[in-house]
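**Student:** okay, predicted coordinates and the sequence, questions at the end:
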Amino acid sequence: YFIIFKYVPMVGNILAFRRYRPGQGMFGTEWTLRYFERFLKDPAFWRAFRNTLVVSLENLAINFPLPIIFAILLNEVRSKYLKKIVQTISYMPRFISTVVVIAIMNETFSDLSIYQNMRAGYEGPQYFKSLSNCLSRGKLYVSAYGGGTANTEFEFMTGNSMANLGSGVYPYTIYNMETTGNLAEQFKSLGYSTTAMHPNHATNWNRENVYKDFGFDQFLSINDFQGADTLRGMVTDQATYDKILELLDQNADPQFIFDVTMQNHSGYDTGLLPVDKQMHLNIDTTDLDAKTVEDGTLSDVDEYVSCIEQSDQALRYFLNALSKLDRKVVVVFWGDHQPFFPSKFNDKWFTGEDDATHQERLWQTDYIIWANYDVAGCDQTSEVDDLSTNYLSTQLMQLIGAPLTDYQKAHMTLRESLPAINSVGYEDASLRWALSSNVTGDDAAAAAATKAREDYAKMQYYEMFRDGKNVYTEHFQTEANETDPNLAPGTTKIK
């Protein structure tokens, strides 16, 4: 780009030193300084010189300090709503764009190679791991293990952390989401149309009500995926990607699309995988107990990694399709949690390590932020930046140059002392993990992390509950969660 549009045109400057004659070209005429002599002797030269100098000094004296003064004045505005209006008006000229933002929370997508390659030479999802042109990628510390998808979703959409809400809590089914700031609301304020999709029952985790409270323009559920391709009875990842491509084809306006996939959902003993999609890991069982070997866990592993392989191929298909689009697209892709069985391998294969490190291995997945265009200010070399789900949306908005909310700006400050936090533990600035129930360390990094956790809890309380009134939802979930899209909502009873 710079060679073609910046440096090559500079060759034309040679005309200032040539006595140009039509038909002879810029290199076919003699050298001369006559144009400079004529310019310097022109009576208007000194007036033009003076005006140029004055305008330059005025720009330096006015344009440089004005943004700083504006930021200070804006910071003093006490009305939160007035501040947001002014921020949006001032930022919009720099963010008016047709950039499409696609968020994909991929069901149970994780890389089991972190468990000593499953002692079977397993390398994980190869395409996902090979992407070298991402804006950012890394480990993602989540607040769910083996299930509880909605809590990872809640952290991403709102920037809140389950660490501040306690165990056994599912905000989507309990709390009032109407007043909680979220990405759908944020993108709508920037002129985006917003779509949520989940190829299963809209009643699961109360999404039909939560998505309305968040302000999504539309919610595509299992009823919108009739006839779609399935794997083990679940709508495939690729089918949801085709639906996204269809939405992009139908609407040229900026869009925010949130895709909660279903393909890889447990259990993994269905036996419904086609033969040509089955993988088998020859796991060394030497250090495993007899129960793990005999209770079907190893066959669960085979079905699970087979599903992940299909997700990996679908992601390749989708990003290749987006690369060919003549419009700007950003994708943030991550797994919501690990499956339910890795703890058996974690306990047997990783002994003698501290509790925090041992636990956090179970409560992590991976993420990428990828774009099909050159994003200003980003090297796009897949720089590794490990973080937690509550920070992921801030990371996304910051990288693409979108205006940040005050809460997101606070996240960036929090990360300096508290790089990651989830329902199990947290990481301090020295990259040391501690369990939430067992605070360790008495140095400056530990003290700063403790203070950041306290500040975060206070900010989150205000963000979610404001004055403490109308805390709980008035839009209750109408049916129990039903993971089988082929059954009516609430058919399978929770054991």
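**Tutor:** Received, thanks.
**Student:** all helices of the stretch 201-350 of the chain, in order?
**Tutor:** 207-214, 237-250, 290-294, 297-323, 342-349 (DSSP state H, counting those that start in this stretch).
**Student:** so where's this structure shaky on pLDDT?
**Tutor:** Scanning the chain with the threshold set as pLDDT under 70 gives 1-2, 5, 20-28, 80-81, 84, 87-97, 440-441, 493-495.
**Student:** show me the strands in it, by range?
**Tutor:** For the chain, the strands defined by DSSP state E cover 100-106, 136-141, 193-197, 218-220, 230-231, 234-235, 255-260, 329-335, 364-371, 387-388, 420-421, 425-427, 433-435.
**Student:** residue 284: which of the helices of the stretch 201-350 of the chain is closest?
**Tutor:** helix 342-349 (9.8 Å; CB to CB). Any C-beta I mention is one placed from the backbone N, CA and C, and that applies to glycine too.
**Student:** thinking again about what came up before, for residue 209, find the nearest of the strands of the chain.
**Tutor:** strand 218-220 (10.0 Å).
**Student:** in that closest one, what counts as buried?
**Tutor:** 219, 220 (16 or more other CB atoms under 10 Å).
**Student:** follow-up on the earlier one: for the helices of the stretch 201-350 of the chain, state which one has the densest average packing.
**Tutor:** helix 207-214 (a mean of 22; mean count of other CB atoms under 10 Å).
**Student:** for that helix, packing partners?
**Tutor:** Helix 207-214 is packed against helix 183-189, strand 193-197, strand 218-220, with contacts defined by 3 or more CB pairs under 8 Å, 6 or more residues apart in numbering; DSSP states H and E.
**Student:** and of these, who's closest to residue 149?
**Tutor:** strand 193-197 (13.6 Å).
**Student:** what angle separates the closest one from strand 100-106?
**Tutor:** Taking axes from the mean of the first three to the mean of the last three CA atoms, to 10 degrees, one finds strand 193-197 and strand 100-106 inclined to each other by 20 degrees.
**Student:** what angle do helix 237-250 and strand 193-197 make with each other?
**Tutor:** 160 degrees.
**Student:** how much space separates residue 283 from residue 378?
**Tutor:** The gap separating residue 283 from residue 378 is 40 Å, by CB to CB, to the nearest Å.
**Student:** go on, residue 113?
**Tutor:** From residue 113 to residue 378 the distance is 28 Å (CB to CB).
**Student:** ditto for residue 79
**Tutor:** Distance from residue 79 to residue 378, by CB to CB: 34 Å.
**Student:** one step back: to residue 171, which of the helices of the stretch 201-350 of the chain lies closest?
**Tutor:** Of those, nearest to residue 171 by CB to CB is helix 207-214, at 8.7 Å.
**Student:** contacts for the closest one next, please.
**Tutor:** The contact list for helix 207-214 (CB atoms under 8 Å, 6 or more residues apart in numbering) reads 150, 157, 172, 176-178, 180, 182, 184-185, 196, 198, 202, 219, 221, 260, 473, 475-477.
**Student:** just the buried members of those residues?
**Tutor:** By 16+ other CB under 10 Å, the contacts of helix 207-214 give 150, 157, 172, 176-177, 180, 182, 184-185, 196, 198, 202, 219, 221, 260, 473, 477 as buried.
**Student:** which of the helices and strands packed on helix 207-214 sits closest to residue 454?
**Tutor:** Of the helices and strands packed on helix 207-214, nearest to residue 454 by CB to CB is helix 183-189, at 25.7 Å.
**Student:** for the closest one, packing partners?
**Tutor:** So helix 183-189, by 3+ CB pairs under 8 Å, 6+ apart, packs with helix 149-158, strand 193-197, helix 207-214, strand 255-260.
**Student:** select, out of these, the one closest to residue 328.
**Tutor:** With CB to CB as the yardstick, what comes closest out of these is strand 255-260 (11.3 Å).
**Student:** what residues does the closest one touch?
**Tutor:** Contacts for strand 255-260 (CB under 8 Å, 6+ apart): 100-105, 107, 149, 153, 157, 183-184, 187, 192-198, 207, 216, 240-241, 244, 247-248.
**Student:** partners of it in the sheet?
**Tutor:** Next to strand 255-260 in the sheet, as set by DSSP bridges, lie strand 100-106 (parallel), strand 193-197 (parallel).
**Student:** distance of the spatially closest residue to residue 466 that is not a sequence neighbour from residue 185?
**Tutor:** For residue 466, ignoring the flanking residues on the chain, the nearest one in space by CB to CB, 6 or more residues apart in numbering is residue 179 at 6.1 Å. Note on residue 179: its distance to residue 185, by CB to CB, is 10 Å.
**Student:** again, but for residue 472
**Tutor:** 20 Å.
**Student:** repeat for residue 321
**Tutor:** Distance of residue 321 to residue 185, given as CB to CB: 29 Å.
**Student:** residue 283 and residue 378: which is more packed in?
**Tutor:** Using other CB atoms under 10 Å as the criterion, residue 283 and residue 378 rank with residue 283 on top: 21 against 16.
**Student:** okay, which residue is most central for the protein?
**Tutor:** With distances taken as CA atoms, centre = their mean, residue 332 lies nearest the centre of the chain, 3.9 Å away.
**Student:** verify the stated contact: residue 195 with residue 221.
**Tutor:** No: applying CB atoms under 8 Å, one finds residue 195 not in contact with residue 221, separated by 11.7 Å.
**Student:** surely residue 307 touches residue 264?
**Tutor:** Yes: between residue 307 and residue 264 there is a contact under CB under 8 Å: 4.4 Å.
**Student:** find the residues that touch each one of these two.
**Tutor:** Common neighbours of residue 307 and residue 264 (CB under 8 Å, 6+ apart) are residue 108.
**Student:** okay but residue 372 is in contact with residue 318, surely?
**Tutor:** No: using CB under 8 Å, residue 372 makes no contact with residue 318, being 10.8 Å away.
**Student:** for residue 266, see how far away residue 304 is.
**Tutor:** Applying CB to CB to residue 304 and residue 266 gives a distance of 8 Å.
**Student:** ditto for residue 277
**Tutor:** In terms of CB to CB, residue 277 sits 17 Å off from residue 266.
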